[in-house]
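Trainee: Here's my sequence, what's the structure:
(chains A, B, C and D)
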Number of protein chains: 2
Amino acid sequence: MPRKDFPSLRLSDIAAAAGVGESTVSRVLRGNGSVSEETRSRVREVAASLGYVPNRIAGTLASAGSRVVGIVVPSLTNIVFPDLLRGAAGRLEEANHQAVIGVSDYDTAREASLISSILAWRPAAILITGLEHDPSVLSMLKATRTRVVEMLDVDGEGIDIVIGYSNHAAGSASADHLVRRGYRRIGYVGHDINRDLRARKRIEGFEAALARHGLSLAEREITLAPSSVQAGRDGLERILARRPDLDAVYFSNDDMATGGYFHCLARGIAVPGRLALFGFNGLDVGQIAPQPLATISTPRVHIGEEAARLALSEEPAQKIDVGFTLIEGATA
Amino acid sequence: MPRKDFPSLRLSDIAAAAGVGESTVSRVLRGNGSVSEETRSRVREVAASLGYVPNRIAGTLASAGSRVVGIVVPSLTNIVFPDLLRGAAGRLEEANHQAVIGVSDYDTAREASLISSILAWRPAAILITGLEHDPSVLSMLKATRTRVVEMLDVDGEGIDIVIGYSNHAAGSASADHLVRRGYRRIGYVGHDINRDLRARKRIEGFEAALARHGLSLAEREITLAPSSVQAGRDGLERILARRPDLDAVYFSNDDMATGGYFHCLARGIAVPGRLALFGFNGLDVGQIAPQPLATISTPRVHIGEEAARLALSEEPAQKIDVGFTLIEGATA
DNA sequence: GTGAAAGCGCTAACAA
DNA sequence: TTGTTAGCGCTTTCAC
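Mentor: Next comes the predicted model:
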């Protein structure tokens, strides 16, 4: 039964026990400054034996440089964001920094409030997704002059550092591919694009490319819910009920497309003979399926890693397009 | 181009600008203490217009009560842990707390070091997974008297609060189910059980139950890698190469089982006629497949939520078994 | 209802 | 190489 206000060991306790001054203990524990080998080991010993855990709150306040990095993601349901976190957390740990996370649930107001409470910890940097934010975010970030990295998108203006890929271009590339393969009656099965702005940019890019080919989307089916395998399966069923003549369907992402693929398997719809399927993300599950999913793969873990690295760097503001890779797969 | 050491606005700046004392500003901003409506609104206005963001580092140091909760998970690759985080992060946000996360990569030494650095932030509580930890973890946690919640497992001794399910019992229930259905030549396809101790407890429970039925595992195929769809597909292929006569395979989790299912689809192996498949976790993807996967579903988001709630509560140490649900599915 | 002042536990000059 | 001391920005008595 732990208690909250429990006077834990302080630096001065260690100093007293080791018979040295506080600053000496501080030097030893932080490994800087010069301390004789003898005192050094004695202090370490005492600290360890007493189970001393330095108070970083005090340390940070005194040194005005926190080792915290805030990360705000819109969701944890889609594996894309855990991937991003994984990359970032790994790098941060190497650099001896701590990740404070927030989940905005694709809500810009909530994102703003999460950012504001993270800012209260005076983080060394803050990592967020996308380029569209509540106006207050911009002013808070500018005012605190915190290093900011915006991830996963390059279609627009960034605040400081931007690293990602063009969702618009990814959508276009998907359309070009389907058209090149001869598909003409193409439908779209998507999830809530009012909230997921990157999915929206993809379908916009997709339609723009179709238009360049003199085509347009034959039908669209949009679920007002987060993306999921279930939503993809149901969405495909509904769109086919309305337009049984579709020859290809573009999905808002791989989860959705996997659901669509399952629908085809269950109903005996030949893929891609009767219907082609195209996703986005390049998830493991889509690639291991009996027919690897045609999709676009993105280097998510890498983006997280680089975002963390840049966040802690002194590099100037910049926009980095890491690109994407079209996977031909076997469903289109 | 943000700079690190930038003298941000302090409480005293607001106090000066509003023409009141520091303590008054503090009272207003924290909404306690009595302040006249007039001063209150004036202070708020000034603070807002100047874009003041309180420094929680200083606040926490002064009040000795951090609003940080540490969470250490072994991985983010398996959606189970993001689910846990999602549940916990939601509850923490409601309670105005911040989540600091660490990813241990199933390494107990790294877990210990993550816990120790999180402890340096004097968190209100710390959430970890499983009941097996480096001995140092126990002593650190005891020494700091931090509230601890261990999640996802109840098979063993806990430190403080424990919330999860019995992996051993889940394994046993899976075996009982397969045996009841008439399967006798049962194999196991698993991932690195030296690191994933909960997967190990499941297969131990599974074998114990088989033994009670007078049976034993016909064959086992273990990949020394994290679980994945790919590993499951490859694992099933290998185990069948050695023992083509298996009539059922138990997988270490649903990702693995999904891979196995894909292998069967690709090779035209009739499921469950020729081979039954059984997983663990009850993931979305397994349930939406043409044949819903036989598996055991666990309330992961709920565990995360409850863990967060309990972590911030004053409840006594306790162990909560939230149980699990066997999903018959159509693959066994 | 409000302000002054004493810390919270550490770091970082500055001395010695 | 080591100790002393003045803050870091806030919260919290304690006066008024």
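Trainee: Give me the packing partners of the worst-scoring helix or strand of chain A on mean pLDDT, helices and strands only.
Mentor: Lowest by mean pLDDT, DSSP states H and E among the helices and strands of chain A is helix A:135-144, with a mean of 87. Where contact means 3 or more Cβ pairs under 8 Å, 6 or more residues apart in numbering or on different chains; DSSP states H and E, helix A:135-144 is packed against helix A:108-119. (Glycine included, C-beta is placed from N, CA and C.)
Trainee: buried residues in the helix it packs on?
Mentor: Buried residues in helix A:108-119, counted by 16 or more other Cβ atoms under 10 Å in any protein chain shown: A:T108, A:R110, A:E111, A:A112, A:S113, A:L114, A:I115, A:S116, A:S117, A:I118, A:L119.
Trainee: again with stretch A:168-186
Mentor: Using 16+ other Cβ under 10 Å as the test for burial, stretch A:168-186 gives A:168-179, A:183, A:186.
Trainee: Ok, stretch A:271-286 next?
Mentor: For stretch A:271-286, burial by neighbour count (16+ other Cβ under 10 Å) applies to A:271-272, A:275-286.
Trainee: First-to-last residue distance for it?
Mentor: Its first and final residues considered, stretch A:271-286 spans 14 Å by Cα to Cα, to the nearest Å.
Trainee: Mind pulling up the pLDDT for A:A124?
Mentor: We note a pLDDT of 94 for A:A124 in this prediction.
Trainee: A:R3 now?
Mentor: pLDDT for A:R3: 37.
Trainee: Can you show me the strands along chain A?
Mentor: Along chain A, counting by DSSP state E, strands occupy A:68-73, A:98-103, A:125-129, A:147-151, A:161-164, A:186-190, A:219-222, A:248-251, A:276-278, A:295-297, A:318-321, A:325-327.
Trainee: Domains in chain A, by residue range?
Mentor: Split into domains by automatic domain parsing, chain A comes to A:9-52, A:58-164+A:301-323, A:167-297.
Trainee: Distance check, A:K142 against A:I126.
Mentor: In this view, A:K142 and A:I126 are 12 Å apart by Cβ to Cβ, to the nearest Å.
Trainee: swap in A:P135?
Mentor: Distance, A:P135 to A:I126, using Cβ to Cβ: 17 Å.
Trainee: The two: which is more packed in?
Mentor: A:I126 (30 against 9; other Cβ atoms under 10 Å in any protein chain shown).
Trainee: Do I have it right that that one meets A:S66?
Mentor: No. Checked against Cβ atoms under 8 Å, the pair A:I126 and A:S66 is beyond contact range at 11.3 Å.
Trainee: For A:V25, the count of nearby residues, please.
Mentor: Neighbour count of A:V25, defined by other Cβ under 10 Å: 27.
Trainee: so it makes contact with A:L11?
Mentor: Yes. Counting by Cβ under 8 Å, A:V25 sits close enough to A:L11 to count as a contact (5.5 Å).
Trainee: Show me whatever sits in contact with both of these two.
Mentor: Residues touching both A:V25 and A:L11 (Cβ atoms under 8 Å, 6 or more residues apart in numbering or on different chains): none.
Trainee: Relative to A:G65, how far out is the closest residue to DNA strand C within the stretch 201-332 of chain A?
Mentor: Here the residue of the stretch 201-332 of chain A nearest DNA strand C is A:L312; by Cβ to the nearest atom of the strand that distance is 16.8 Å. According to Cβ to Cβ, A:L312 and A:G65 sit 11 Å apart.
Trainee: if we can go back for a sec, wait, which of the buried residues of helix A:108-119 is closest to A:P226?
Mentor: When these are compared for distance to A:P226 (Cβ to Cβ), A:R110 wins out at 14.7 Å.
Trainee: Run through who's touching stretch A:51-59.
Mentor: Here stretch A:51-59 makes contact (Cβ under 8 Å, 6+ apart) with A:8-11, A:13-14, A:29, A:46, A:67, B:57, B:60-61, B:66, B:116-117, B:119-122, B:139-140, B:143-144.
Trainee: Kindly report the same for stretch A:324-332.
Mentor: Stretch A:324-332 has contacts (Cβ under 8 Å, 6+ apart) with A:165-166, A:169-170, A:173-174, A:177-178, A:181, A:183, A:248, A:257, A:261, A:271-272, A:276-278, A:282, A:286-287, A:291-299.
Trainee: Show the pLDDT at whatever residue of chain A ends up closest to DNA strand D.
Mentor: Chain A approaches DNA strand D most closely through A:S34 (2.3 Å), counting by Cβ to the nearest atom of the strand. pLDDT recorded at A:S34 is 86.
Trainee: burial of the nearest residue to it once chain neighbours are set aside, as a residue count?
Mentor: Nearest non-adjacent residue to A:S34, counting by Cβ to Cβ, 6 or more residues apart in numbering or on different chains: A:R27, 7.7 Å away. Other residues near A:R27 come to 18 when the count uses other Cβ under 10 Å.
Trainee: pLDDT score for A:R27?
Mentor: pLDDT for A:R27: 94.
Trainee: Just confirm it contacts A:T39, I think it does.
Mentor: No. A:R27 is not in contact with A:T39 according to Cβ under 8 Å; the separation is 9.2 Å.
Trainee: Check the gap between A:T146 and chain B for me.
Mentor: Distance of A:T146 to chain B, computed by Cβ to the nearest Cβ, to the nearest Å: 5 Å.
Trainee: In contact with the closest residue to DNA strand C within the stretch 101-250 of chain A, which residues?
Mentor: Of all residues in the stretch 101-250 of chain A, A:R122 sits closest to DNA strand C, at 13.2 Å by Cβ to the nearest atom of the strand. Residues in contact with A:R122 (Cβ under 8 Å, 6+ apart) are A:T60, A:A64, A:S66, A:V68, A:T144, B:S8, B:N55, B:R56, B:I57.
Trainee: one more time with 10 Å
Mentor: Contact analysis of A:R122 by Cβ atoms under 10 Å, 6 or more residues apart in numbering or on different chains lists A:60-61, A:64-66, A:68, A:144, A:146, B:4, B:6, B:8, B:53, B:55-58.
Trainee: Could you measure from A:G19 over to chain B?
Mentor: Distance of A:G19 to chain B, given as Cβ to the nearest Cβ: 22 Å.
Trainee: okay but that residue is in contact with A:E38, surely?
Mentor: No. Counting by Cβ atoms under 10 Å, A:G19 does not reach A:E38; the two are 11.8 Å apart.
Trainee: So for those two, which sits in the more crowded spot?
Mentor: Each of A:G19 and A:E38 has its neighbours counted (other Cβ under 10 Å); A:G19 has more, 11 against 8.
Trainee: what are the phi and psi values for that one?
Mentor: For A:G19, the backbone dihedrals (degrees, to the nearest 10) come out as phi 70, psi 40.
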